[in-house]
Each structure stands twice: as C-alpha cells, then as structure tokens.
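In: predicted structure and sequence below. I'll ask about it afterward.
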Amino acid sequence: MGSFWQLPLAMYSKAKRSSLPGRQLLRPFFESPPEHVSPRLLGKILVHRTENEDGTKYIAGRIVEVEAYLGPHNTPPDPASHSHRGPTPRNVVMFGPPGYAYVYAIYGRYFCMNVTCEPPGLAGCILIRALEPLQGVSQMALNRSLQPGASPRQLTSGPGRLCLALGLTRPTHNALDLCDPASPLQIRDDGYPAPELIVTPRIGISAAVDWPLRFAVRGNPCVSGPRSMR
DNA sequence: CTGTGGATTTGCT
DNA sequence: GCAAATCCACAGG
C-alpha cells in the first residue's frame, strides 16, 4: 500500500467543483525568505478566476514544484535572480510587499510566474515550476493547444506550460495582489497534508548552478524534467 | 532515450 | 546587439 501522499491529488478537491477550494493564503505566509516559504508552498493550490459570457470559471492546480530566487541583500547575492542588480522596470514588483505576482516574459514566447516574498524592500521570490491540474482541465488543454485527453504532465509540467494552461500573462497578471480576496489570482490551502519533498539545484540557469533551491513533491508525475529530477 | 536548433519578446549594456 | 529562470519538433542511437 502506497503512502498517503501518493494517492491521486485530485481526490482532495472533488468536493468543490465550482467554487474556490480551501482558504486563501494571507500575507504573513510570504513574509519570510523564499528558501523558507518554498517548501511550505508545495501542496497549496494556484487558482485563476476567469470571467466570460458563460459566467465565472476557475482554472486551478496543486503546486508540486517551485524554485527560490534570493534578493540582493543576501551574502553572497544570488546571481541567478532577476533582482541581483537592484530594481528595474521589469523586476520592481519583487522589491514591494510579499504575496504579489511577478510575471515575466521569456524567450519571446512564454511567461513565467513568481510569488514575491520577504518584507517590503527585500526582493526574494518563488518561481512556480509545475502544477497538478485540479480544475478547468479542458480549458487548460485548449489554452495549451493539446487534445482534450492530454496527460496532466503535458498540461502544467514546466513554468511556461503552466502559465499558458492557466492563461497567465505579464500585461494582465504582473503585480496582482495574491492576498486580496477579490483577486482573480490566488494561492489557497485546502488542508492537503504537507507532501514529502526533494531538494535539488535549480533548472535552466547558468549561475549558481549548484545552489539547492529547487523544491518538488517526491515522485509526483507532474514535476518537470526527467524522472531522475523527481 | 538523448541531443540539437528554431521560434521570437523583452530588458538591459 | 544579445542573452535569457522555455518549449517543441525532429533526428539519431
């Protein structure tokens, strides 16, 4: 018999299909350094509320992989962080209050989503790298130009993929307050137990390649990268 | 399974 | 100008 955390994650969200699951995370949750908040973010739910002619819909997934990016106040500073040379028009939201979305464009085609951490003035943040789809799966497939039967892994395994699946872009979602009860973008806790996790170096960077700042749910199929990275 | 190259926006030197 | 916290298609073993 498998461990508790190996049961299908979707089991824990079947109860509420058309409403917000669990409770919204409050700002104090994000006021600590990103390497401290990151492991606690695994198992929480990222929810995007969309309005269209049919009404309100939710697209949501459970967070199964994140990476911490440290602010320039650390010694040594994190050379892989967008904030390491101080505030710029792109990264200024990272230097503001915790609990905000930092969304940036990458390689001309994709967006990646972060959550700001640390008290105002300090620039730590957490990159959301992978989700397990929970709600709005057919919409995710549409957004990703995949067949309706696409695997959960194909939908949201990777930071660019999950932003596409949820419809997140910099023009619309950068600098949104995730802790505002009225926000269309929120992170919520539905009581899912703290998962067993692995810690590894971060992916896709060329500086500080050995810093152990990537956190993932052990064995979860939606975690990005080869099997050896799960 | 692994490796390679192309697409194409954005911020910063 | 160029490099980038990526993804995808396709080639070859």
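Out: Structure received. Since the structure is predicted, the reported quantities are computational estimates derived from the model, not experimental observations. Numbering: from 1, shown residues only, chains lettered A, B, ... in the order given.
In: around DNA strand C, pick out the residues from chain A.
Out: Residues of chain A lying close to DNA strand C by Cβ under 7 Å from any atom of the strand are A:67, A:69, A:80-83, A:102, A:106-110, A:112, A:114, A:125, A:127, A:144, A:154, A:158-162, A:202-206, A:224. (C-beta placed from N, C-alpha, C; glycine too.)
In: chain A: strands as residue ranges?
Out: A:23-24, A:45-52, A:55-69, A:101-106, A:110-116, A:125-135, A:185-189, A:197-200, A:214-217 (DSSP state E).
In: okay, angle between the fifth one and strand A:185-189 too, please.
Out: This means strand A:110-116. 60 degrees (axes from the mean of the first three to the mean of the last three Cα atoms, to 10 degrees).
In: ok, and for strand A:110-116, which residues are buried?
Out: By neighbour count on 16 or more other Cβ atoms under 10 Å, the buried set for strand A:110-116 is A:F111, A:C112, A:M113, A:N114, A:V115, A:T116.
In: in chain A, which residue is most central in space?
Out: A:I128 (2.7 Å; Cα atoms, centre = their mean).
In: so that residue sits right up against A:V115, yeah?
Out: Yes: here A:I128 reaches A:V115: they are 7.1 Å apart, a contact under Cβ atoms under 8 Å.
In: ok, back up a step: hmm, which of the residues of chain A next to DNA strand C are the buried ones?
Out: Taking 16+ other Cβ under 10 Å as the criterion, what is buried in the residues of chain A next to DNA strand C is A:67, A:69, A:80-83, A:102, A:112, A:114, A:125, A:127, A:144, A:154, A:158-162, A:202-203, A:205, A:224.
In: show me where pLDDT drops low in chain A?
Out: A:1-19 (pLDDT under 70).
In: show me the helices in it, by range?
Out: A:34-41, A:137-143, A:152-156, A:159-166, A:170-173 (DSSP state H).
In: same list, the strands of chain A, but as CSV with distance to A:S228 please.
Out: Shown next, in CSV, are the strands of chain A (distance: least, Cβ to Cβ, whole Å):
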stretch, distance to A:S228
strand A:23-24, 35
strand A:45-52, 26
strand A:55-69, 14
strand A:101-106, 24
strand A:110-116, 23
strand A:125-135, 15
strand A:185-189, 28
strand A:197-200, 9
strand A:214-217, 12
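In: what would these look like in CSV with distance to DNA strand B?
Out: As requested, the strands of chain A are arranged in CSV below (distance: least, Cβ to the nearest atom of the strand, whole Å):
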stretch, distance to DNA strand B
strand A:23-24, 28
strand A:45-52, 20
strand A:55-69, 14
strand A:101-106, 4
strand A:110-116, 8
strand A:125-135, 14
strand A:185-189, 19
strand A:197-200, 15
strand A:214-217, 17
